[in-house]
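Chemist: Sequence unavailable; structure follows:
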């Protein structure tokens, strides 16, 4: 079922998150919850909207106990902007993690380079100005995971 997306909608408290998580787990798919993009993490939850310009990206780890998130346990939320787009060649973006930990502060620049090969397209990621709190092996694992997920979508 590669390439399929299921979008479950419903009123707050109607069980859409529970259903979505269960379905994603059963099918082995990634689960993305709109609430994670729309609301800032608060205690209690759903008290403060994320500003529209920062509702861009959120990474949720499949096994939050094995990976530490920068925003909360098992979760990275970040906002970013593209600073250079060269069609079929290069994408340069700058991201900044939403985190209470100052070791994850600052902007990280990611350059994605694309090159034609006999087998398709080679994709290379270069991360610069990685925040001090992100270990090299964690950053490499995250980049590798992103590339694997992309490959799974297009193969």
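Modeler: Now that the structure is in, tell me what you want to look at. Everything numeric here is computed off the predicted structure, so don't read it as measured data.
Chemist: what's downstream of the lowest-mean-pLDDT helix or strand in the chain, the next helix or strand?
Modeler: Using mean pLDDT, DSSP states H and E, strand 57-60 stands out as the lowest-scoring helix or strand of the chain, at a mean of 56. The first helix or strand that comes after strand 57-60 along the chain, using DSSP states H and E, is strand 75-86.
Chemist: Report the distance from that next one to the chain centre.
Modeler: Centroid displacement of strand 75-86 relative to its chain, using Cα atoms, centre = their mean, to the nearest Å, is 10 Å.
Chemist: Now do the helices in this protein.
Modeler: Taking DSSP state H as the test, the helices found in the chain are 16-27, 34-38, 136-154.
Chemist: Go through those helices and find the least confident stretch.
Modeler: Lowest mean pLDDT of the helices of the chain: helix 34-38, a mean of 75.
Chemist: Can you tell me how far the residue of the chain most remote from its centre is from residue 141?
Modeler: Relative to the centre of the chain, the most outlying C-alpha is that of residue 118, 29.8 Å out, by Cα atoms, centre = their mean. Applying Cβ to Cβ, to the nearest Å, one obtains 28 Å for the distance of residue 118 from residue 141. C-betas here are computed from N, CA, C, even on glycine.
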